[in-house]
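Novice: Output the structure for:
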Amino acid sequence: IHLITTSEGARRAELCLLHPGQNWLSRLLQDYSLPPIQFSRHSIRCIHSPSHPLDDIRTGADNVVAADGLMETVRQLTADADCALHVSLAGGRKTMGFFLGYALSLFGRPQDCLSHVLVSPPFESHPEFYYPTPQSRVIYTPPPSSQPLDTSTATVALAEIPFVRLRHGLPPALLAGRASFSAAVDAAQSAFREPRLEFDCSSASARA
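Specialist: As a prediction, this is how the structure comes out:
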């Protein structure tokens with residue numbers, strides 16, 4: 001698992017998913033007898049500006065940094081021909097989901113897929129809900145209602161999202177090296193422009 005997030009998201013993930021007192025990922029594996037899944041602090045990829053990690057994504061500059069960081073992560077992971085990416089858009093800012101989906105459209109291969117997770121209300125966005133538990137577990141809605149909820153009754157639906165794969169239109173240099181999000185978009189756009197051939201009669205030359 002690779003988690004792409006802000007510094008605040010990284011802090012929450014470490015405390016809720018990896019902390020010995022919480023460690024909800026380990027609980028999930030145990031509850032459903034799942035095989036070990038590699039996930040540690042090194043799996044949390046924090047989005048960085050040139051000088052510091054981002055606490056949130058609010059400004060135009062933050063969006064540029066997030067787009068470049070998400071695209072570079074996807075480019076690196078798709079460089080491994082022996083892996084398949086299962087990319088989830090769940091969580092984060094809407095712009096992060098858009099950039100992540102677009103990055104997969106630029107670099108995705110036939111074996112890669114894109115999905116979103118839909119959680120039934122009132123469990124959706126509840127800070128104490130992580131997954132439908134096989135045994136009954138009671139949590140409460142925020143005050144003043146403080147309504148008890150049984151996490152074993154929650155439903156989670158995985159919706160696979162079709163996407164257009166544009167990788168074949170990118171130049172090899174872009175696939176092999178770091179580039180900005182906008183540069184990758186321009187390169188993909190160029191691949192679909194109508195071919196153009198110009199003749200210069202004065203020099204008896206032609207250029208594409």
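Novice: What segments of the protein are helices?
Specialist: Taking DSSP state H, the helices of the chain run over residues 7-13, 24-31, 60-78, 94-107, 172-176, 181-191.
Novice: With mean neighbour count and distance to residue 51 added, can I get these in TSV?
Specialist: (Glycine included, C-beta is placed from N, CA and C.) Compiled in TSV, these are given as follows (neighbours: other C-beta atoms under 10 Å; distance: least, C-beta to C-beta, whole Å):
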stretch	mean neighbour count	distance to residue 51
helix 7-13	16	13
helix 24-31	15	31
helix 60-78	19	10
helix 94-107	20	20
helix 172-176	12	26
helix 181-191	16	19
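Novice: Need those in JSON lines (columns: distance to residue 160).
Specialist: What follows is the helices of the chain, written out as JSON lines (distance: least, C-beta to C-beta, whole Å):
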{"stretch": "helix 7-13", "distance to residue 160": "24"}
{"stretch": "helix 24-31", "distance to residue 160": "21"}
{"stretch": "helix 60-78", "distance to residue 160": "17"}
{"stretch": "helix 94-107", "distance to residue 160": "12"}
{"stretch": "helix 172-176", "distance to residue 160": "25"}
{"stretch": "helix 181-191", "distance to residue 160": "23"}
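Novice: Low-confidence ranges, this structure, go.
Specialist: Nowhere does the chain drop to pLDDT under 70.
Novice: Could I get the contacting residues of the residue positioned nearest the centre of the chain?
Specialist: Nearest to the mean C-alpha position of the chain, by C-alpha atoms, centre = their mean, lies residue 100 at 4.7 Å. Neighbour list for residue 100: 4, 70, 74, 87, 89 [criterion: C-beta atoms under 8 Å, 6 or more residues apart in numbering].
Novice: Quickly list what the fourth one is bridged to.
Specialist: Beta-bridge partners for residue 87, by DSSP bridges, are residue 114.
Novice: you'd agree it is up against residue 116?
Specialist: No: between residue 87 and residue 116 there is no contact, the gap being 9.8 Å when judged by C-beta atoms under 8 Å.
Novice: out of those two, which sits in the busier spot?
Specialist: residue 87 (21 against 16; other C-beta atoms under 10 Å).
Novice: if we can go back for a sec, how about the contacts of residue 100 in CSV, adding distance to residue 143?
Specialist: Formatted as CSV, the contacts of residue 100 follow (distance: C-beta to C-beta, whole Å):
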residue, distance to residue 143
4, 33
70, 36
74, 41
87, 37
89, 31
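Novice: Among those residues, which pair sits farthest apart?
Specialist: 74 and 89 (12.5 Å; C-beta to C-beta).
Novice: hmm, back to that, what's the spacing between the residue nearest to the centre of the chain and residue 19?
Specialist: 26 Å (C-beta to C-beta, to the nearest Å).
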